[in-house]
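> Just need the structure, nothing else, for what follows:
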Amino acid sequence: MIITVIVVGVIVVALILIYNNLVGKKNQVANAFSSIDVLLKKRFDLIPNLTEMVKRYMKHEADVLTQVTDMRTKATSGQMTEVETVALDKTVSRALGRIMVAVENYPDLKASDNFLNLQASLNEVEEQISAARRAYNASVKDYNNALEMFPSNLVAGLMRYQQKVFFEIDAREAQPVDVGRLFET
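The predicted model follows:
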């Protein structure tokens, strides 16, 4: 009888520890995602300034600017899931890259102090987003591993925890947007 109580007690303690570990990992992922979300908002706050400044110079790239503005509106709506946020981040990164490449055709814009300051701010935010993505992905890896490893996978199944998505980007986008390179001679 005493052995049964001890075994049950050990099992209960083990389940509590596993449960707490899973909850901690889930919250760590949420915290890391929140950091990315804050930085993406910072990026989206820069977009109206960038769009307005670039619009004055770029008549031919108006469709890209419109797309970026529409994406900003969607991102700031607060109605997106984590999966949608990850997908939109990829799309915005590509669009910002196209805008910065198009800037090369406008020497007056490239020489503008306001544009240079905006460019530096955007570059800084892109670097911070890249660092936050790495932290988020590390948290997701730990969380997803815990969901798959025995015995925590049993507890995770009971809790109906689902795997989280990684912030994965295309190989050509593996680096932050380097808008500074556009001004090298």
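
> Of all the helices and strands in this protein, which has the lowest average confidence?
helix 107-111 (a mean of 74; mean pLDDT, DSSP states H and E).

> As PDB, could you dump the C-alpha coordinates of that one?
Taking Å, rounded to 0.1, in the frame of the first residue of the first chain, the C-alpha atoms of helix 107-111 are listed here in PDB:
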ATOM      1  CA  PRO A 107      19.600  60.000 -57.300                       C
ATOM      2  CA  ASP A 108      17.800  63.000 -55.800                       C
ATOM      3  CA  LEU A 109      15.900  60.600 -53.500                       C
ATOM      4  CA  LYS A 110      19.100  58.800 -52.500                       C
ATOM      5  CA  ALA A 111      20.800  62.100 -51.600                       C
END
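
> and residue 94, how many neighbours does it have?
17 (other C-beta atoms under 10 Å). C-beta here means a position set from N, CA and C on the backbone, and glycine is covered the same way.

> So it: helix, strand or coil?
Following DSSP: H, G, I helix; E, B strand; the rest coil, residue 94 is assigned to helix.

> Next up, the contacts around the closest residue in space to residue 92 that isn't next to it in sequence.
Excluding the flanking residues, the one nearest residue 92 by C-beta to C-beta, 6 or more residues apart in numbering is residue 71, at 5.3 Å. Residue 71 is in contact with 88, 91, 92, 95, counting by C-beta atoms under 8 Å, 6 or more residues apart in numbering.

> biggest helix in this structure, by residue count?
Ranked by number of residues, the top helix in the chain under DSSP state H is helix 2-57.

> pLDDT averaged over that helix - what is it?
Taken as a whole, helix 2-57 has an average pLDDT of 91.

> after that helix, next one along is what?
As assigned by DSSP states H and E, the chain's next helix or strand after helix 2-57 is helix 62-75.

> tilt between that next one and helix 2-57?
Going by axes from the mean of the first three to the mean of the last three C-alpha atoms, to 10 degrees, helix 62-75 is angled at 150 degrees with respect to helix 2-57.

> Show me which residues of helix 62-75 are buried.
Across helix 62-75, burial judged by 16 or more other C-beta atoms under 10 Å covers 64, 65, 67, 68, 69, 71, 72, 74, 75.

> can you check stretch 37-47 too?
37, 39, 40, 43, 44, 46, 47.

> roughly how far apart are the residue nearest the centre of the chain and residue 90?
Central residue of the chain (C-alpha atoms, centre = their mean): residue 36, 4.6 Å from the mean position. Residue 36 is 13 Å from residue 90, where distance means C-beta to C-beta, to the nearest Å.
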